[in-house]
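> What shape does this take:
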Amino acid sequence: TAMPDLGNSNLEKLLTRYYQLGLSGSDTWSGIYSIRLKGTLALIDKEFKMSCYQRKPNRLKMILDSSHGQIVLGYDGKEAWQHMPETNSPAALMSADEARRFIHSSVFGNYLLYPYRSGKTIEYLGTTREMDTVCHRIRVVMQNSYSVDYYIDVRSYLDVKIVNRDLKFNTSTTLLCSDFRTINGFPVAHKVVSKTDEGVETTLTLEQVDFNIGLTDWMFNRPE
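Numbers count the residues shown, from 1 in each chain. A predicted model of the protein is given here:
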């Protein structure tokens, strides 16, 4: 269950509050099957128009358009693949390391859902000040050698900062989430700044969010 009934420990009470306020509760969540995001992905020296499609539980497809051509990235639940503008083939499998990172990002929602699912542990690390507010800090450690720290605003219960750590390669990526807007009862961050250890920074600005647009699994398959 994505949002089960939990006990009375500090962590369990915090997760229950987060599910209700930060993710709008189980009724809203269970009524969401897919999402389409459209916006702009800006790097230091280039900009892409982005369309992102996600379907529960972990199907993901991203289309990035620029003056240099179109990049398509996808995960169908088994294979992570990509199509680059300079290649002639329809699509190729990602390398093992690229696939590992992309698959980690493909989860629909986040890793605080399904708290009883095997293969991960969840730990409450107390409060800290982040993004000009006080935040609860919760860490999820997974058997695939990733850990994720969620910084949840103590007032709004929105996750305003997320730190993904790749324990296999000792690297991390930090997401700063802001400009939350409620779409069909569900809060969505319309600005996400991503920063890596190497200093690479990207800014995603959303312009359109649509839920339940009728995506099917075959739409995420690798083109032959």
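> Ser178 touches Pro187, doesn't it?
No. Using Cβ atoms under 8 Å, Ser178 is not in contact with Pro187; the gap is 11.6 Å. In this view, the C-beta of every residue, glycine as well, is placed from N, C-alpha and C.
> The two: who's more crowded?
Neighbours around Ser178 and Pro187, counted as other Cβ atoms under 10 Å, are more numerous at Pro187. The numbers are 18 against 13.
> The closest residue to that one other than its chain neighbours: what secondary structure?
When the adjacent residues along the chain are set aside, Pro187 lies closest to Phe180, with 4.9 Å between them (Cβ to Cβ, 6 or more residues apart in numbering). Reduced to three states with DSSP: H, G, I helix; E, B strand; the rest coil, the structure at Phe180 is strand.
> Specify the beta-bridge partners of Phe180.
According to DSSP bridges, Ala189 are recorded as the beta-bridge partners of Phe180.
> what about the strands in this structure?
Remark: strands of the chain, listed N- to C-terminal, are 34-42, 47-55, 59-66, 69-75, 80-83, 92-93, 120-130, 133-142, 146-153, 159-166, 171-183, 186-196, 201-211; assignment by DSSP state E.
> Return the most buried member of these.
Neighbour counts (mean count of other Cβ atoms under 10 Å) averaged over each of those peak at strand 146-153, with a mean of 22.
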